[in-house]
Structure formats: C-alpha cells, structure tokens
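> Predicted coordinates and the sequence they were generated for:
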Amino acid sequence: MGDLTTSTWPSPAIEIVERVAEIEEQDSLDLPPLYDSVDPDALDRLAESSKIQFEYLGYNITVDSGTITIDQ
C-alpha cells in the first residue's frame with residue numbers, strides 16, 4: 001500500500017487511529033492504543049506547528065503542518 005495523505009480534522013490522534021483502522025479493515029477500538037506509540041495530547045497540540053514522526057502498528061506516521069501521511 002502506498003501513501004495515504006489527508007488533511008487533519010479536529011484531532012490528528014483520532015484521525016490517525018481511524019485511518020489505520022480503515023487500512024487494516026478493523027474497528028478502531030480493536031487496535032492497540034495510540035498512546036503506546038506517542039502521547040496523543042502532545043500530538044494534537046504540536047500537529048499544526050511541528051513535524052512529528054513515529055511508528056504505529058507497523059506504519060510510519062508523519063504529521064507535518066497539519067497534514068498526516070501514513071506509509072507502510
């Protein structure tokens with residue numbers, strides 16, 4: 001699977017979990033907690049002004065200037 005790039009909605013943390021769940025064809029509640037990879041509150045606060053990169057469930061996640069890229 002290639003890049004999945006989307007602009008953020010109110011919470012980048014929620015969007016990331018929802019998009020990964022969509023890719024994995026699972027309910028977002030069945031995925032491991034995002035906080036095992038990154039602090040969701042800090043992610044939400046920094047998403048518009050900082051570049052953040054981390055791995056979640058085997059996906060490389062980049063949040064840069066309000067844009068989320070999910071790369072396998």
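Yes, it's here. Residues are numbered from 1 along each chain as shown.
> how far away is the residue nearest the centre of the chain from residue 31?
In the chain, the centroid-proximal residue (C-alpha atoms, centre = their mean) is residue 16; its distance is 2.8 Å. Counting by C-beta to C-beta, to the nearest Å, the separation of residue 16 from residue 31 is 10 Å. Where you see a C-beta, it was placed from the backbone N, CA and C, and this is true even at glycine.
> any chance you could map the helices in this structure?
Taking DSSP state H, the helices of the chain run over residues 12-24, 40-46.
> In stretch 62-72, which residues are buried?
63, 68, 70 (16 or more other C-beta atoms under 10 Å).
> Same list (those residues) but as CSV, adding pLDDT and distance to residue 10.
Below are those laid out as CSV (pLDDT from 0 to 100; distance: C-beta to C-beta, whole Å):
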residue, pLDDT, distance to residue 10
63, 93, 14
68, 92, 13
70, 97, 18
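> Just give me the closest of those to residue 27.
Of all these, residue 70 has the smallest distance to residue 27: 17.4 Å, by C-beta to C-beta.
> That closest one contacts residue 18, doesn't it?
No: counting by C-beta atoms under 8 Å, residue 18 is not a contact partner of residue 70; they are 10.7 Å apart.
> Return the distance of residue 36 relative to residue 50.
Using C-beta to C-beta, residue 36 is found at 21 Å from residue 50.
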